[in-house]
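Novice: Sequence first, then the predicted structure, then my questions.
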Amino acid sequence: MDIPTPHDIEMAALGKGLTVTDACRIAGVAPDTFRRWRRGDGAPSIENVRKIMRAIEGAVSRVPGAAP
């Protein structure tokens, strides 16, 4: 399994009309945890990446006109 990069996560969130902060909060992961990872100040835990991606994948699109 390839671990999504911060950019991958940001693009997935945007595709659902979410910010990464929204996705982190839905997932129960502190947004600062993602920010540190994004800056290169640490590596993410696989569990936190999974939580964030599940939150994004489970989100109903907020983009007007997008398929749910």
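Specialist: Now that the structure is in, tell me what you want to look at.
Novice: Tell me where the model's unsure across the chain.
Specialist: 1, 61-68 (pLDDT under 70).
Novice: One more pass at 90, please.
Specialist: 1-3, 42-44, 58-68 (pLDDT under 90).
Novice: all helices for it, in order.
Specialist: 6-15, 20-27, 31-39, 46-58 (DSSP state H).
Novice: Check which helices and strands the first one sits against.
Specialist: Helix 6-15 is packed against helix 20-27, helix 31-39, helix 46-58, with contacts defined by 3 or more Cβ pairs under 8 Å, 6 or more residues apart in numbering; DSSP states H and E. Where you see a C-beta, it was placed from the backbone N, CA and C, and this is true even at glycine.
Novice: Check the shortest one too.
Specialist: For helix 20-27, the contact count by 3+ Cβ pairs under 8 Å, 6+ apart identifies helix 6-15, helix 31-39, helix 46-58 as packing neighbours.
Novice: between it and helix 6-15, how many degrees?
Specialist: If you take axes from the mean of the first three to the mean of the last three Cα atoms, to 10 degrees, helix 20-27 sits at 80 degrees to helix 6-15.
Novice: got the contact list for helix 20-27?
Specialist: Contacts with helix 20-27, where a contact means Cβ atoms under 8 Å, 6 or more residues apart in numbering, come from 9-10, 13, 18, 30-31, 33-34, 48, 51-52, 54-56, 59.
Novice: go on, the longest one?
Specialist: Taking contacts as Cβ under 8 Å, 6+ apart, the residues outside helix 46-58 that touch it are 3-4, 9, 12-13, 16, 18, 20, 23-24, 26-29, 33-34.
Novice: Now that helix: buried residues?
Specialist: Of the residues in helix 46-58, 48-53, 55-56 count as buried by neighbour count, 16 or more other Cβ atoms under 10 Å.
Novice: send the alpha carbons of it over as CSV?
Specialist: The C-alpha trace of helix 46-58 is given here as CSV (Å, rounded to 0.1, in the frame of the first residue of the first chain):
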residue,chain,number,x,y,z
ILE,A,46,-0.5,4.9,9.2
GLU,A,47,-3.6,4.9,11.5
ASN,A,48,-3.9,8.7,11.2
VAL,A,49,-3.6,8.6,7.5
ARG,A,50,-6.2,5.9,7.3
LYS,A,51,-8.6,7.9,9.6
ILE,A,52,-8.2,11.0,7.4
MET,A,53,-8.7,9.2,4.2
ARG,A,54,-11.7,7.3,5.5
ALA,A,55,-13.2,10.7,6.6
ILE,A,56,-12.7,12.1,3.1
GLU,A,57,-14.0,9.0,1.3
GLY,A,58,-17.1,8.9,3.5
